[in-house]
Every structure is written in C-alpha cells, then in structure tokens.
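S.K.: Here is the input, now give the coordinates:
(one chain, ligands or ions: 1)
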Amino acid sequence: APPLRPDSKYNKNIFTFNPSKNVNASDTVYREQKMREYLERKSEVVVGERWEVLVERIGGAVVPRREREARDYEEALFKGTLFYNMFQDPSGLWYGDYGGPLFLNCGLVVAWYLSRNDLTGSILSPEERKMLVHYLKCHKQIDGGWGTHIEGASTMFGTVMCYVSLRLLGVPASELKSSLKFILDNGSATCTSSWAKFYLCVLGLMSWSAHNSTPIEMLLLPEWFPFGPGRMWCHSRMVYVPMAWLYCKRYVYEGCEEDEVIKELREELYGGEYDKIDWEKARTTVAPMDNYSPITYLMSFVMWLLSFYESLPFFAPLRDYLREKAFKRADEYLKAEELQTNYICIGPVNKVLNMIISRDDKNKQRYAMHKERVKDYLWVAEDGLKMQGYNGSQCWDASFYAQALHESGLADIHPQTVERLYSFLEGTQILSTPLSSNSPAMFYEAPSERVKAFRHVSLGGWPFSTSAHGWPISDCTGEGLKAIMALQPYVQEGIQAGRVKPMTDIRLFNAVNVILTLQNDDGGFATYENNRGFGWFEWLNPSEVFGDIMIDYSYVECSMASLTALFDFQELYPEHRKQEIKTALTKGKKFIKSIQRSDGSWYGSWACCFCYGTWFGVEGLVACGEGDSSNVKLAMKFLKSKQCENGGWGEDFRSCYNKSYSPTGAERYGDEQGACVINTAWSLLALIKGGEGDSDCVERGVEYLMRRQLNTGDWPQEGISGVFNRSCGITYTSYRNVFPLWALGRYRQWRERNEERDED
Ligand code: LAN
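M.R.: Numbers count the residues shown, from 1 in each chain. Model prediction:
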C-alpha cells in the first residue's frame, strides 16, 4: 500500500456556485433543461391507483408531486424512478457530467491554442473558452493550487497544468498570483510530474532535454518479447504511442519564440531563471506531493541507458534507421485507432495528442475529422465547461439502471422508458471487430489487422459510452448483456408492434464469446483486454502520479460483472457453451475469493471504494454459488461494522488513494456522521444479496436512503464517487439516482419474496 499522505483537506476547495458543500457538479442545469423538454411531451407512465397520490400532471406530463414526500420505501422508489425517467434522452440514454480530472483540460487548451488561428475555425468557441476559464477558476483552492482532480489536495501536476491553461486562455498573471506562488514555493515547474513536463515541452515552455527518453522504437518489438506496447494496459499504450511520436519529433509549437504569452510564462514558471535551468537535471525532479508512484531504481537505470541512446552520435545511424521504421508503424497505428473509434479515440489524452499530430498530416481530412469529435468530450455544468474523462458513461449507467428497474418490479409502469432503454442498449452493442474478419480468435493468434492494432475481439461487446467509441470492456459487456436479458420480457409488445428492434440469439452468443475470451489465467477479468504483461512492468511506470497502470490487471469489478452475466446467460440458454461457462464460473469464483482482504472487504479500483468493491465481490460469489460461504459471511461482517449510527455508510476518495477505509469527513457533506447515499446503496445491494435482507442494518440503511431523498425524487450529489489509477477521482452524476433506486428495488423484491414465503 502506498504511504499515507497528510490529510488533504478537501473542503479547501473554493466553489462559486455552492461555496459550502458541493464540489461535484450535480448537473442541475442540464437536468432542468431536460425536464423542460419532458414537460412538453405526453408521458406514458402507467400510474395506476397505487401511485396517483405521488404525482401531478402538467399538461400531458406526469411529474412527481413535490409537496408529497415518500412515506415508505416503495413510494421513494416510485418517486425516484419517475424523477430519473424525466430526463432520459429520447434516444434512450442519460447524459451526465463525467468530469473531475483537472489535468485533462490542459491538453484541450494546448490543442485549441495551436488551432486558434486556423482558417477553418479553432476547436473552442469564445463562449466555450469563457466557460472553461470559469471551471478552472472555480476549482482553484485557497492555497492557490489545483488538485489532479476536483476533490484532491493541490498537486504540482494539477497546478502547473491549470495555471498554464488559464494563462493561454487569456487570464493575466496578476489574477493568479497565489497560484504562481504555489508553483514557485514547491520548486518551480521543473518539479512538476512527467506528464505536465510533456505539455510544457510541446508548448516551448521547457526544453525536451528535461523529458525522459520515450523511444517510439518500442513499437517494433516483436510479439514474443516480454515487454512492449502490445502487452501494456491499453490506456497506457494509447497514450504512450502519440507521446513517443511527439517526443521523437521533438515537436514544439512553431510560434513559441514570438509568442508573448509563452515568453511571459517562461519567466513566470521558473521564477525568472529560464535561461539558467539545467534541463537534464529537471528530468528527475518531482515534487513529493506528485510522487504517488516514485520512479524505481530499475526505471532510473533504463532512463539512464536510454539517454545515451538518445544523445550519443555513435547510436545515431541505428537510431535514425529504427526511428524511421517506427514512425511508419506508429502512423498506421494512430490512424487505425482514429478509424476504429470514429475519431473519438479511446480517451481524452490520446484524443488530444492524436489531434495535435494530425494537424501536420498531408491528408487534411484527418485533422478536420478530429475537430468534429472534440465536442464529444465537453460538458457544461454549474461549475463551468470541462474536458471529461471519457466521451461519457452512457452505456454503463444505462445498463445499471435497466437492472435496477427490472429488480424493483416497476419496469411495467414505465413502458416507454424501458423500450427506449432497451433500444439504446441494443444499438450500442458493438457489431464488428475493427479491421478484421470478425474471427473469434484470441490475441496473438491470427496475423490479422486486428492483432496488428493489438486489439481484442470487439464483436458482441458493449462499450462504456457509445457504439461510436467502440472499445469493448469486460464489465460493460457483462452489465450490457445482463441488462438486455433483464429487459427482454418487457419489450415483447414493442417488438411485435415494430417499435423495438429485437436482439437475436447470435448477438447474445457473441457477447458471451467476448466475455469468455477475456478471462485471464488467474480466473479474473481485466478491463479491455486480457492480462498480457507481467507484474514487474509496474517497476517501469514512468507517470509518477498514477499507480498500477502498466498492465491490465484482473479486477473484482470486471470479474463480477463478467461472471454474473455468464451466470444469468446460462439460465436462459443452458446448452450454449455449457462446459466452458461452467469452467469459467469455477475459475472466477476462486479468483474473487483469492483477492478478498482479510477484513472481508474487496478493494474497489474504479469507485470509492471498499463498499463498491465489496458489493462486486459479494454479488460475484453469490452468482458462482457461494452465497453460503464463509467469504460472504466475512464480507457481511465487514459491511455491518462500517455502518454509521444514522444507518448510512460513508467513505471517500482517500480510501482508494491510501488503500485503507476512510470514513467521509463530516464537514464535506453536511451529513453529521459522514455517511453518503451512494455508498449506502452499494452496501445495501451487497447485504441483501448476501442474505442479510431481514437484518436490522438493512432496514436502517433503507430508512437512511428514504430520509436523504429530496422532495423532487432526486438524491443530493455528494463527493466524487469514481476513481481511476488509484489517484484520480472522476464524477458520476447518475450514481446518486441509479444505485439508491437499485438498492430500494432489491429490498422491495426481497420483501415480496419473503412475504410470499411467510404466506406459504
Ligand atoms: C474508465 C471508465 C470506466 C471504467 C469501468 C468500466 C467502470 C471499470 O469497471 C473498468 C475501467 C474503466 C473502463 C475505466 C478505466 C480508466 C478510464 C478509461 C476510466 C476511469 C475513464 C477515464 C480513465 C482514463 C484512463 C482517463 C484518461 C487519463 C489517462 C491517465 C490516460
């Protein structure tokens, strides 16, 4: 576990809109807009007598009656679903804020800065820039700095990136004095982390000799070689390739020498010492606050060797030869990614880097296409405009909500929502594997274009966001498949009437194929691909600020979602790949057990944190037939021990960062005991699944959720709930609706079954 940091005092953040509490965008503005649209349509909700007291009608639209609060958990459930359905997009999905990481904005600003005088228009309009400035100012903390994400303590990584962004966007230095002081007090921009240094080099604010060697030649390493980009976690690989491309060209913004802002920044960022800096020394300097994963001795040694490779004339002929070949390969590789993702690219970092590279392409179409897809990443909320962490979380949110509706037993009263939701999920399944013959072959097997692009099979998978993005993910495929199967019974009428396109069996089989092929040797599932590398790759993690990013590890989340999908699937299709599914479940169960911590919990890697991980662990084990095992019992004990007196559970981002349970600071949410809605919902889902439905703690948890529901049917947005790479938080605005509803829905189902049993 990484060392504990001094408490990061989240409440230091200064917020323009909600100065006392809410850090996280709650999407109020967006939701209100969608609700206005809703009011103009006729609702198709089968209200019935039971719920009539809870609704009112405005024109033809049915909305929750605000002054009538929910009196029991069923009413809370009904009100909550009606509220959430109101801003479903007619295309069937829910949009929401997926911001949080602050460092991403800098890439966008750099790309805009380079394009600002383009005759075909820059990538950000003046209004968008204004909103972006607002966002960055909004998240400035009282020490003048910015965190890596909106709820973290200030880091040099966040601060240098945001400071430079604001300056490029036209904010004068005189307005940012405290920020500059923060930078200079912490050793000047030479002490920021490697990714920030990269952008400084691109802008001409730092010499490339302050950047560690990033040889693009690595792309030429053969498949059998134990290290290489094809074996890395796809996100690291997709960022590494364009970074190496720009590094190896020593790409610098061409107007930098005459640019006044750049000249000023050179003075500001280093306290007036720009000309005297020993750039080579700066390669290894990093402020302690950024240094989450310190560079290992092995990596320092590799860097040292590579610096000779970069600089010694002796190596020049070999280097030039290899580099030329590697550039050809890289160009092919980058273009393949662009085509496969419709120019969205896998994430916000390579999106921007690929776009910068494409500026100089002879084929002008390429850059034009990139520009068209910038908006996919932008989001405006009450804190301003931001570059999101992905092009949204549409498919992921929708799959969870589908299951929540199904379990709650309320799907029948929302037929239109359900049909649209189903259609969205149906249309979001990935129907081809990029650049290949759609063969279900595993990685390394066929020398196809797909393998050249290091891609796993996509056909049949579900993505995290949209089908245009098109990278399938194990758990998104699992949740997507479960959601489709859950909604199937409710859409039969719509299918018959031709409103809904049905899923064919073969498409479900393809999803199963993706899942089965994604299982790792350890029995677990990683995110997008199999685990292709080795644990020691982490010794070569160059990022400093992120942890565990070098390979695709098996995670409890991905494993649970994949395994439960296989489980649900074999109930419907008992004969399809029967033996393989059986083996997969057995192997999976062993894996999930193996990573349970001694206190009964599981560490959640993609949300905060142990409540989330434990929910996945329990759900996974129960699906694998281990509901009565001591593992599940221990998990129950863990969850019970963390319940606050008021009935809720609360934990925050620091759990992920420090890898130890961190109760939420009361000062942050206003909840006197530090409990929060989403963690309570995850814990309840796990407890009910684990057989604790009739325990007092579940009852109190349900009451807690009811108490915290707002009179609109919404729940308050609390602290950041998503996380990635151990150290960066990311916002999910849908979680506060979807998970409480699912928990209440599961509770309702449990109660009904229990009552039936009692009657028997
Ligand atoms: C995501 C978002 C979805 C998430 C889940 C599906 C929830 C998870 O269960 C598996 C991992 C995954 C796919 C995931 C991985 C890391 C991502 C892609 C992100 C958190 C969204 C943004 C993040 C990405 C790495 C951000 C870009 C920044 C870099 C450092 C490259």
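
S.K.: low-scoring stretches of this structure, by residue?
M.R.: 1-24, 433-448, 665-670 (pLDDT under 70).

S.K.: For it, which residues are neighbours of the ligand?
M.R.: Those residues of the chain that sit near the ligand, judged by Cβ under 6 Å from any ligand atom, are 235, 239, 347-349, 389-390, 396, 464, 473, 475-476, 527, 557-558, 606, 724-725, 730. Where you see a C-beta, it was placed from the backbone N, CA and C, and this is true even at glycine.

S.K.: Can you select the buried ones among those for me in ChimeraX?
M.R.: Selection of buried members from the residues of the chain next to the ligand for ChimeraX, criterion 16 or more other Cβ atoms under 10 Å:
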select :235,239,347,348,349,389,390,396,464,473,475,476,527,557,558,606,724,725,730
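
S.K.: Of the residues of the chain next to the ligand, which belong to helices?
M.R.: Judged by DSSP state H, the subset of the residues of the chain next to the ligand located in helices is His235, Val239, Pro348, Val349, Trp396, Asp475, Cys476, Glu557, Cys558.

S.K.: Beta-bridge partners for the residue of the stretch 651-760 of the chain found nearest the ligand, please?
M.R.: Using Cβ to the nearest ligand atom, the single residue of the stretch 651-760 of the chain nearest to the ligand is Phe724, 3.5 Å away. Taking DSSP bridges as the rule, Phe724 bridges to Cys728.

S.K.: ok now do it, which residues does it touch?
M.R.: By Cβ atoms under 8 Å, 6 or more residues apart in numbering, Phe724 lies in contact with Gly389, Ser605, Trp606, Ile730.

S.K.: how about the residues you listed in TSV, adding distance to Gly152?
M.R.: TSV is the format used below for the contacts of Phe724 (distance: Cβ to Cβ, whole Å):
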residue	distance to Gly152
Gly389	14
Ser605	17
Trp606	17
Ile730	11
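
S.K.: In those residues, find the pair that's most separated.
M.R.: Using Cβ to Cβ, the two most remote members of those are Gly389 and Ser605, lying 14.7 Å apart.

S.K.: residue ranges for the strands of the stretch 651-760 of the chain, please.
M.R.: Using DSSP state E, counting those that start in this stretch, the strands assigned to the stretch 651-760 of the chain run over residues 722-724, 728-730.

S.K.: got JSON lines for those strands, with distance to Ser122 too?
M.R.: Converted to JSON lines, the strands of the stretch 651-760 of the chain look like this (distance: least, Cβ to Cβ, whole Å):
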{"stretch": "strand 722-724", "distance to Ser122": "29"}
{"stretch": "strand 728-730", "distance to Ser122": "27"}
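
S.K.: Of these, which is nearest Glu223?
M.R.: Of all those, strand 722-724 sits nearest to Glu223, with 28.0 Å by Cβ to Cβ.

S.K.: How far does that closest one sit from its chain's centre?
M.R.: 6 Å (Cα atoms, centre = their mean, to the nearest Å).

S.K.: what's the answer for stretch 684-704, then?
M.R.: In terms of Cα atoms, centre = their mean, the centre of stretch 684-704 is found 28 Å from the chain centre.

S.K.: just stretch 392-403 next, same as before
M.R.: Using Cα atoms, centre = their mean, the offset of stretch 392-403 from its chain centre is 13 Å.

S.K.: what does stretch 106-123 give?
M.R.: Counting by Cα atoms, centre = their mean, stretch 106-123 comes out at 25 Å from the chain centroid.

S.K.: Stretch 719-731 too?
M.R.: Offset of stretch 719-731 from its chain centre (Cα atoms, centre = their mean): 8 Å.

S.K.: Just the terminal-to-terminal distance for it.
M.R.: End-to-end distance of stretch 719-731 (Cα to Cα, to the nearest Å): 9 Å.

S.K.: Thr664 and Ile346: what is the separation?
M.R.: Look at Thr664 and Ile346: by Cβ to Cβ, to the nearest Å, they are 32 Å apart.

S.K.: Compare neighbour counts for the two and give me the winner.
M.R.: Thr664 (26 against 22; other Cβ atoms under 10 Å).

S.K.: show me the contacts for the more buried one.
M.R.: Thr664 sits next to Gly650, Glu651, Asp652, Asp671, Gly674, Ala675, Cys676, Asn679, Gly719 when contact means Cβ under 8 Å, 6+ apart.

S.K.: For the strand or helix carrying Leu508, which residues meet the burial criterion?
M.R.: Per DSSP states H and E: Leu508 is located in helix 505-518. Using 16+ other Cβ under 10 Å as the test for burial, helix 505-518 gives Arg507, Leu508, Asn510, Ala511, Val512, Asn513, Val514, Ile515, Leu516, Thr517, Leu518.

S.K.: next one: stretch 245-265
M.R.: Trp245, Leu246, Tyr247, Cys248, Tyr251, Val252, Tyr253, Cys256, Asp259, Val261, Ile262, Leu265.

S.K.: Using CSV, lay out those together with distance to Gly588 and secondary structure.
M.R.: Below are those laid out as CSV (distance: Cβ to Cβ, whole Å; DSSP: H, G, I helix; E, B strand; the rest coil):
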residue, distance to Gly588, secondary structure
Trp245, 39, helix
Leu246, 41, helix
Tyr247, 40, helix
Cys248, 42, helix
Tyr251, 45, coil
Val252, 49, coil
Tyr253, 49, coil
Cys256, 53, coil
Asp259, 55, coil
Val261, 54, helix
Ile262, 53, helix
Leu265, 52, helix
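
S.K.: How about Phe509, nearest residue that isn't a chain neighbour?
M.R.: His576 (6.2 Å; Cβ to Cβ, 6 or more residues apart in numbering).

S.K.: Can you classify the one you found by secondary structure?
M.R.: Secondary structure assignment for His576 (DSSP: H, G, I helix; E, B strand; the rest coil): coil.

S.K.: Going forward, count from 79.
M.R.: With the count now opening at 79, the last piece we talked about shows up as His654.

S.K.: Number of residues surrounding it?
M.R.: Applying other Cβ under 10 Å, we find 14 residues neighbouring His654.

S.K.: Ser543 now?
M.R.: Neighbours around Ser543, by other Cβ under 10 Å: 24.

S.K.: And it, its phi and psi?
M.R.: Torsion angles at Ser543 (phi, psi; degrees, to the nearest 10) stand at phi -110, psi -90.

S.K.: need the contact list for it.
M.R.: Counting by Cβ under 8 Å, 6+ apart, Ser543 has contacts Tyr468, Asn469, Gly470, Ser471, Gln472, Cys473, Trp474.

S.K.: In those residues, find the pair that's most separated.
M.R.: Most distant of these, by Cβ to Cβ, are Asn469 and Trp474, 11.9 Å apart.

S.K.: All the strands of the stretch 379-528 of the chain, residue numbers only.
M.R.: In the stretch 379-528 of the chain, the segments counted as strands under DSSP E, counting those that start in this stretch are 456-459, 462-465.

S.K.: Fine by me, thanks again.
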